[in-house]
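Enquirer: Sequence unavailable; structure follows:
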């Protein structure tokens, strides 16, 4: 493996580890605040949710969605990069 490839791999791994750490923090926060939490029942009703459970589920998903989206973005970019490399190697 060339140095540039090694550096890229290391940087990508560090990015994924940092994002995973953020996801774990977000997941723990979501579990603590929106898993079977009855404290927000009045807020859920005021906001028009059918139930406190529905409110908790939506807030839980909202909390963790940004990390899921980031991993999807990384996957798309890596696939594009792989396609570019494949196209380049076919031209040679």
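Expert: Arrived safely. Being a predicted model, the structure only gives us computed values, none of them experimental.
Enquirer: residue contacts, the residue most central in space within the chain?
Expert: Nearest to the mean C-alpha position of the chain, by CA atoms, centre = their mean, lies residue 67 at 1.7 Å. By CB atoms under 8 Å, 6 or more residues apart in numbering, the residues touching residue 67 are 19, 22, 23, 26. In this view, the C-beta of every residue, glycine as well, is placed from N, C-alpha and C.
Enquirer: Please repeat the previous calculation with a cut-off of 10 Å.
Expert: Counting by CB atoms under 10 Å, 6 or more residues apart in numbering, residue 67 touches 19, 20, 21, 22, 23, 24, 25, 26, 27.
Enquirer: ok, and for the helix or strand hosting residue 54, which residues are buried?
Expert: Residue 54 is part of helix 52-91 when elements are defined by DSSP states H and E. Residues of helix 52-91 classed as buried: 52, 55, 56, 59, 60, 63, 64, 67 (neighbour count, 16 or more other CB atoms under 10 Å).
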